[in-house]
Structures are given as C-alpha cells and as structure tokens.
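> A predicted structure for the sequence below; I have some questions about it.
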Amino acid sequence: MQKVRVLFVCMGNICRSPTAQGVFRQLVAQAGLADRIDIDSAGTHAYHIGEPPDQRATATAHQRGIDLSDLRARRAKVEDFEAFDYVLAMDQDNFRNLRELCPPALTHRLKLFMDFAPQLSVREVPDPYYGGPRGFDRVLDLIEAASAGLLEDIRQRL
C-alpha cells in the first residue's frame, strides 16, 4: 500500500507550517488514516532550523487539543518534491520561493494550502509572527478549514 505524503511549508517553519502539521496529523489520526498518510513541515528560510515551534503557536494549538511539542524546524529542499505528493505553501511568497526550488516536472505537486478551503475565499494563511494572540487563533481557524478540504482530496485519491 502506497502512502500519500504531505508537506506544509511557510517561511521559518515555526508558526504556520508546524501548526498545519499538527492539525492535519490529528485529523488524519481521527479518520483512522495515520498508517496511509505521512505528514511533515518545512520552511523556505533557514532562520530556525532545529528549533521547536513558536511558543504562541504551541500554546494556541494546545488550547484546541493539538500537540506540537515533538516538531522541529527544517528547511525545504529540492528532494522534498520527489518525496511528497503535496507540497503546500502557506502564502504566495513561499509559493514563489518553492516554485524556484521545484523541478519543472513536479510543479503539479506544489499548491497553496488555502486552495483546499475555497469556501473561505482566502488564498493565504497570514503570518502571525509579528502580531498578537488573535493572529494565531485566525491561523488555526484557516488551517482547520483547509485541512478538512485536504483530507477530502486525499480520500478521493485513496
């Protein structure tokens, strides 16, 4: 049985993408699909390699029962496009950075994460790093909606 592999990508891999990894990991486990879907996250920049998620992201996720404590930041690499079926950018800037990294034959794997929640009419998950707690709540709301759409897309593949 072949697994579906999903990679969430933001800039530093300490706020949005690890939050998406945690939310989606929990959703996949609740759906009984943890053995069929691999999930990871990365950043387009090397600012925080090896660091845990931002404390505000961790606390906000924890309030919703999502554990991010085992996650550590890493940088996205060319090999990720071979390894992952979905490479999901949180915003247009990171999408452009990933497109430059992506081998031409694999561009079909690169998407904006919010494309999986078209009902929201939002194209990007905003970076909450320089804002207050409300920004992290908003990020979680968006990620939860897009995660549900992503899981439905993957179920159709399975």
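Okay, I see it.
> Leaving out the residues flanking it, which one is nearest to residue 150?
Excluding the flanking residues, the one nearest residue 150 by Cβ to Cβ, 6 or more residues apart in numbering is residue 116, at 4.3 Å. From N, CA and C alone the C-beta is placed, and that goes for glycine too.
> And the one you found, how close does it get to residue 125?
11 Å (Cβ to Cβ, to the nearest Å).
> more neighbours, these two?
Just comparing residue 116 and residue 125: by other Cβ atoms under 10 Å the higher neighbour count belongs to residue 125, 29 against 20.
> pretty sure the more buried one is in a strand, no?
No - Residue 125 is assigned coil when assessed by DSSP: H, G, I helix; E, B strand; the rest coil, not a strand.
> what about the residue nearest to it when sequence neighbours are not counted, neighbour count?
Using Cβ to Cβ, 6+ apart and skipping residues adjacent in sequence, the residue nearest residue 125 is residue 90, 4.3 Å away. Around residue 90 there are 30 other residues, counting by other Cβ under 10 Å.
> Can you give me the distance of residue 90 to residue 2?
From residue 90 to residue 2 the distance is 26 Å (Cβ to Cβ).
> mind listing the helices in this structure by residue range?
For the chain, applying DSSP state H gives helices covering 16-30, 55-63, 79-83, 92-101, 133-157.
> Nearest to residue 108 among these would be which one?
Shortest separation from residue 108 across those is recorded for helix 79-83, at 10.0 Å, computed as Cβ to Cβ.
> Could you name the helices and strands sitting against the closest one?
strand 4-10 (3 or more Cβ pairs under 8 Å, 6 or more residues apart in numbering; DSSP states H and E).
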